[in-house]
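*Asks:* Got a sequence here, can you build the structure:
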Amino acid sequence: MRQFGRNNKVYKKQSGFTLIEVMVVIVILGVLAALIVPNVMGRGEKAKVDTTNIALKSTAGALDQYKLDNGRYPTMQDGGLDALVNQPASAKNWLPGGYVKGGYPKDSWDNDLQYVIPGTEGRKFDLYSFGADGKEGGEGNDADIYYQP
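*Replies:* Model prediction:
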């Protein structure tokens, strides 16, 4: 279809988006972002807590394997959790290569896991992380995370 303008010149009809259409799309994207972003935010910290729980369970499994091989859990004189990485003198049946691959066990915030033997409340040992703040106690993401056998 040809359209003629002044002086009988031929103009092609231009296609594109109007300002109104662009504004409608921007409003729709804004509404979607307002609905989705609050649900996604905070998932990173929950993932770190979940990963720390997995690290605690894995380390507890390594402690159990150490006990099977050596007849007891590593003591603080053995170096605590370091006994899972470096052979203490008292460990006669220590697993070559160690019980934890990749070095000393850490939580998701790159803090050392905490190990106390004997444990409290009749437990054989306590294994925990200080949480996001790396300090004892705290609330929310800063709360301590304990291994629950």
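*Asks:* How about stretch 104-124, which residues are buried there?
*Replies:* Residues of stretch 104-124 classed as buried: 105, 106, 107, 108, 109, 111, 113, 114, 115, 117, 119 (neighbour count, 16 or more other Cβ atoms under 10 Å). (Glycine included, C-beta is placed from N, CA and C.)
*Asks:* now stretch 121-136
*Replies:* Using 16+ other Cβ under 10 Å as the test for burial, stretch 121-136 gives 125, 127, 128, 129, 130, 131, 132, 133.
*Asks:* Just put the residues you listed in CSV and tack on secondary structure and pLDDT.
*Replies:* Listed next are these as CSV, based on DSSP: H, G, I helix; E, B strand; the rest coil; pLDDT from 0 to 100:
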residue, secondary structure, pLDDT
125, coil, 90
127, strand, 92
128, strand, 91
129, strand, 92
130, coil, 90
131, coil, 85
132, coil, 83
133, coil, 82
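*Asks:* I'd like these as TSV, with distance to residue 78 appended.
*Replies:* Converted to TSV, those look like this (distance: Cβ to Cβ, whole Å):
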residue	distance to residue 78
125	12
127	15
128	19
129	21
130	22
131	26
132	29
133	29
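*Asks:* where does the residue sitting nearest the centre point of the chain fall, phi/psi-wise?
*Replies:* Nearest to the mean C-alpha position of the chain, by Cα atoms, centre = their mean, lies residue 48 at 2.3 Å. Reported as degrees, to the nearest 10, the phi and psi values for residue 48 are phi -70, psi -40.
*Asks:* Likewise for residue 146?
*Replies:* Torsion angles, degrees, to the nearest 10, at residue 146: phi -100, psi 140.
*Asks:* Mind listing the residues bridging to the closest residue to it other than its chain neighbours?
*Replies:* Leaving aside its sequence neighbours, residue 146 sits nearest to residue 128 (Cβ to Cβ, 6 or more residues apart in numbering; 4.4 Å). Beta bridges link residue 128 to residue 114, residue 146 when assigned by DSSP bridges.
*Asks:* ok so, going back, got the confidence number for the residue nearest to the residue nearest to the centre of the chain when sequence neighbours are not counted?
*Replies:* Leaving aside its chain neighbours, residue 48 sits nearest to residue 108 (3.8 Å; criterion: Cβ to Cβ, 6+ apart). Here, the pLDDT recorded for residue 108 equals 85.
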